[in-house]
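# Pasting the sequence and the predicted coordinates here, then a few questions.
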2 protein chains.
Amino acid sequence: MVKSLTAKKKAAMYNGLYNNLVVIGGNAAGLAAASQARRKNPDIGITVLESGKYVSYGSCGLPYFISGYVKKIEDLFAYPRDFFKQERNIDVLTSHQVVGMDPAKRQLLVNAADSGENKVFSYDRLVIASGASPVIPRIKGAGSSNVFNFWTVDDARRLKDHIEQNSPRKAAVIGGGQIGLLMAEALKKLGISVTVIEAADRILGGFEPEISTIMTRKAEMEGIEVLAGTEALSINDSSVTIENSGEREDIPCDFVLFSAGIRANTGFLEETSMELGKKNAIIVDNKQQTSYMNIYACGDCATVKNLVTGKQDYIPSAGNGVKAGRIAGENAAGGSGSFPGSVGTVVDKILDLELARTGIGSVEAIDLGFEAIKLIDSYASHAGSVPGAKKIAVIAIVDTRTRRLLGAQMIGAEGVGKRIDVFAAAITNEMTVDDIYMLDLSYSPAISTVWDPVNKICGKAVLALDGK
Amino acid sequence: MVKSLTAKKKAAMYNGLYNNLVVIGGNAAGLAAASQARRKNPDIGITVLESGKYVSYGSCGLPYFISGYVKKIEDLFAYPRDFFKQERNIDVLTSHQVVGMDPAKRQLLVNAADSGENKVFSYDRLVIASGASPVIPRIKGAGSSNVFNFWTVDDARRLKDHIEQNSPRKAAVIGGGQIGLLMAEALKKLGISVTVIEAADRILGGFEPEISTIMTRKAEMEGIEVLAGTEALSINDSSVTIENSGEREDIPCDFVLFSAGIRANTGFLEETSMELGKKNAIIVDNKQQTSYMNIYACGDCATVKNLVTGKQDYIPSAGNGVKAGRIAGENAAGGSGSFPGSVGTVVDKILDLELARTGIGSVEAIDLGFEAIKLIDSYASHAGSVPGAKKIAVIAIVDTRTRRLLGAQMIGAEGVGKRIDVFAAAITNEMTVDDIYMLDLSYSPAISTVWDPVNKICGKAVLALDGK
């Protein structure tokens, strides 16, 4: 009987079937993968190894926990701890950090933080959804007790505790991307004065400069100091030493927050021959398959096809994570799903301004060899006849050869969030600005203008392309 | 000299050129046409004949004028009266009603209301943008002084004056479409109690029944009486006699408002052989050309290609009007623009609920021979972790053979308006639900959920199509 089972199992494995799926990572992408694998196949064993103490939390909401807008951190947890075992028969092991992998033996070396012991986990198929981690700037004092990262639930708790216990009055945020600015806003709401230190010549480097300018002005109006083109040299007990245009200065602060970007958590793959790309992300194909045929990857640790460039790119986002996760799980469980890719859609609400982008930026467009032009204008969020309309700045990046829209960005007090998605759908479908100009978009005086801003900026592009 | 000019002009006309463009209609579509013709050709004469006293007003905002939300009716006028002559060298003649046409002579018979005289206008090319008018129900008392239409500025002024002078306490609105409900809301805000009388078995017949149900409940919660399946038989001095399931009743009311739909203003074409379609609308091609080669039409008096069915359809909307108007003007002035058509996108905000649709409905889909299924679900407008999320009911109509999305509808307190446009772009591009499910839509906890409702309903459709 035992012999017969083993033979059956062996045969199954030779046929590419399997009984034991392991998923590394218990957040959005990993749990999407595990759940979809279970839907696809009710019989296999599925184990999720999560390095942290929590699964399935909404990390995008953590700044709201700091500001107090979200009262309990538990409100950010999408599912209770036992949900996956009870509802989906998925074993979730928290505090289990994967520290090494032997692809030939199909084994993982895992450190169980609670007991401190190392364990070996075998897998037939593996989904890697190990996420990303903040890049820690290599500056003196980076490891001090008054320095904070902001990525995990534990990071958020540590920062919140520190603020509650020490009532700091002044913070320095190193890194002026979206998370840095969201954190500056959250700290400001707690009455802490904030200086944002950005090494590049402007904040929000992922956006066009006009949007950086608008946000810089807004931040300064709200009393947040923005120092762009400024290097943080060292973190001291109660200050940060900075250098700007050769001048050094000490910026007083009670604590420092890092938000200098992220990179993929793929250190545990060091001794394998897994192919890695930008930011150490695992290179996958549209089946989410890695260079190892029985290993899939998804989420912030993996590449995503950029639908504008057609190339594998690093586009970490919750949306890409759950979508690619679902495809990874489907395929790891024997399916043949395909993830088409991403146009890099991003939205945030910072200091009461919505800002969003999709597609590629103007510099990237030129770098990629497009003969791109950039249009910018400002439009009302809805008809002037109805009180309360706000201005939206809209940017379009257009390929002059094909007349295709390559990218779009927006910033304004309302009507940005979902409007960017119209551009996202248009770019996904490789629409020309001529066609977007004529797109039948919704109009009601309280909601839009007769020509929607999406139509208008493309009309402007049409005129420019026609030399008018 | 004169002879040579005439010969040149004749030659020009034989070559399809022309010097004299007349546009019938001085609102959104007509003025878009006239303005675009001027941009295209600085030399020709352009005359706009408008039957009413005003040009370029925002009729969609008129209900806000009644409710008092828009204070001055002039705020709804997009351009001052002299703008078109001064800025664009376009002659605009108001109170000039076209009452007849001789296509062979290229002449219009026009009644000038101010002087009462009839005039003849010649044209080389003509753009008809004569709009639409309310359908007046043929019931006894329809012409009484306590009965109001609601379509033009004059209609709005007459109603507003009546309300201010007579302080009516109770109104009956005959017709439960969007305008009827917007007016019910506006009257309610003025403290007038309202009964909506709808002959069909539900209000909002242009939407799916689930949306009618939600809106009926909302209206009743707000104290508006909704009588569906109810025929208005006669209008009396201080009541409307109705019949519902064979039972007659008198509904007391101080005045009656008609909002029983519209049809194209094409009566003046009666003695021509102009081809008319649904609702008497002029049939045009994608160049906006009518059955007469030198006559173009656009706006609420003309058909529009329905991008889902591929057929000319009657889809009156401001958005279609200005877009088709621009193409009509471009082509009437010698260009060769093309209007791709419409997916019938509609949005309104009624009683604090946004409701929207795009594409075709489930009954139309079945009638057209699609093997359509309908999905419906309710989703949060943004992540639950951020307070204030509202429920949005989302409906998708899907062709099971091609897996294409055919139509989508939504209703909810927020996040409907521009979200419908993502569906509009998707339908325009003939996307399958599989592709929309994977569409890279913007996420931030305050603005959306990780899977946007647009993704979610299509994910539900994918499961249904796959028999799960």
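Arrived safely, thanks for sending. Remember, it's a predicted structure, so these values are computed and weren't measured experimentally.

# ok now stretch A:204-215, how far from the chain's centre?
In terms of CA atoms, centre = their mean, to the nearest Å, the centre of stretch A:204-215 is set 18 Å apart from its chain centre.

# Actually, stretch A:251-259.
23 Å.

# Same question for that stretch: list its buried residues.
A:Ile251, A:Cys253, A:Asp254, A:Phe255, A:Val256, A:Leu257, A:Phe258, A:Ser259 (16 or more other CB atoms under 10 Å in any protein chain shown). C-beta: built from backbone N, CA, C; applies to glycine.

# Which members of these are positioned in helices?
Among these, the subset assigned to helices under DSSP state H is empty.

# Can you name the two of these that sit furthest apart?
Greatest spacing in the buried residues of stretch A:251-259, by CB to CB: A:Asp254 and A:Ser259 (17.1 Å).

# hmm, back to that, just name the closest of the buried residues of stretch A:251-259 to chain B, please.
Distance ranking of these against chain B, using CB to the nearest CB, places A:Ser259 first at 15.9 Å.

# who touches that closest one in this structure?
A:Pro134, A:Phe150, A:Val173, A:Ile174, A:Gly175, A:Gly177, A:Ile179, A:Gly180, A:Met183 (CB atoms under 8 Å, 6 or more residues apart in numbering or on different chains).

# from these, which is closest to chain B?
A:Ile179 (11.5 Å).

# SS state for that closest one?
Following DSSP: H, G, I helix; E, B strand; the rest coil, the label given to A:Ile179 is helix.

# Quick check: it touching A:Phe150?
Yes - in this structure, A:Ile179 is within contact of A:Phe150 by CB atoms under 8 Å, at 6.5 Å.

# shared neighbours, these two?
A:Pro63, A:Ser259.

# contact partners of stretch A:92-105?
Against stretch A:92-105 from outside (CB under 8 Å, 6+ apart): A:24, A:26, A:47-55, A:81, A:84-85, A:107-114, A:118-119, A:122, A:130, A:268-269, A:271-274, A:292, A:295.

# can you do 6 Å?
For stretch A:92-105, contacts defined as CB atoms under 6 Å, 6 or more residues apart in numbering or on different chains pick out A:24, A:26, A:48-51, A:53, A:55, A:84, A:108-114, A:268, A:272, A:292.

# And for stretch A:375-384?
Here stretch A:375-384 has contacts from A:210, A:389-396, A:414-415, A:445-449, A:453, A:456-457, A:460-461, using CB under 6 Å, 6+ apart.

# try 7 Å this time
A:210, A:389-396, A:398, A:412, A:414-415, A:445-449, A:453, A:456-457, A:460-461, A:464, B:58, B:61 (CB atoms under 7 Å, 6 or more residues apart in numbering or on different chains).

# burial count for the closest residue to A:Thr449 other than its chain neighbours?
Nearest non-adjacent residue to A:Thr449, counting by CB to CB, 6 or more residues apart in numbering or on different chains: A:Ala383, 5.3 Å away. Residues lying near A:Ala383 (other CB atoms under 10 Å in any protein chain shown) number 24.

# quick check, A:Ala383 in a strand?
No - assessed with three-state DSSP, A:Ala383 is coil; it does not lie in a strand.

# how close does it sit to A:Pro445?
Between A:Ala383 and A:Pro445 the computed distance is 4 Å (CB to CB, to the nearest Å).

# cool, and A:Ile427?
Taken as CB to CB, the span from A:Ile427 to A:Pro445 is 28 Å.

# From the contacts of stretch A:92-105, which land in helices?
Using DSSP H, the contacts of stretch A:92-105 in helices are A:Phe84.

# Could you tell me which residues make contact with A:Cys301?
Counted by CB under 7 Å, 6+ apart, A:Cys301 has contacts A:Ile128, A:Ala129, A:Ser130, A:Gly131, A:Ala132, A:Ala264, A:Asn265, A:Thr266, A:Ala281, A:Ile282.

# Could you rerun that using 6 Å?
With CB under 6 Å, 6+ apart, A:Cys301 has these contacts: A:Ile128, A:Ser130, A:Gly131, A:Ala264, A:Asn265, A:Thr266, A:Ile282.

# from what I can see the last one touches A:Ala302, true?
Yes - counting by CB atoms under 6 Å, A:Ala302 is a contact partner of A:Ile282 at 4.7 Å.

# the more surrounded of these two?
Using other CB under 10 Å, the more surrounded residue of A:Ile282 and A:Ala302 is A:Ala302, with 33 against 27.

# Which strands and helices lie in contact with the one helix or strand A:Arg326 maps to?
Assigned by DSSP states H and E, A:Arg326 belongs to helix A:318-332. Where contact means 3 or more CB pairs under 6 Å, 6 or more residues apart in numbering or on different chains; DSSP states H and E, helix A:318-332 is packed against helix A:28-40, strand A:125-128.

# how about these in TSV, adding mean pLDDT, mean neighbour count and distance to B:Arg419?
Formatted as TSV, the helices and strands packed on helix A:318-332 follow (pLDDT from 0 to 100; neighbours: other CB atoms under 10 Å in any protein chain shown; distance: least, CB to CB, whole Å):
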stretch	mean pLDDT	mean neighbour count	distance to B:Arg419
helix A:28-40	96	26	22
strand A:125-128	98	30	31
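
# Now render the ones you listed as CSV, adding distance to chain B.
CSV is the format used below for these (distance: least, CB to the nearest CB, whole Å):
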stretch, distance to chain B
helix A:28-40, 7
strand A:125-128, 18
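
# okay if I get the ones you listed as CSV plus distance to B:Leu441?
Below are the helices and strands packed on helix A:318-332 laid out as CSV (distance: least, CB to CB, whole Å):
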stretch, distance to B:Leu441
helix A:28-40, 15
strand A:125-128, 24
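
# follow-up on the earlier one: PyMOL command to pick out the buried ones of the contacts of stretch A:375-384?
Remark: buried members of the contacts of stretch A:375-384, expressed as a PyMOL selection using 16+ other CB under 10 Å:
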select buried, (chain A and resi 389+392+393+394+395+396+398+412+414+415+445+446+447+448+449+453+456+457+460+461+464) or (chain B and resi 58+61)
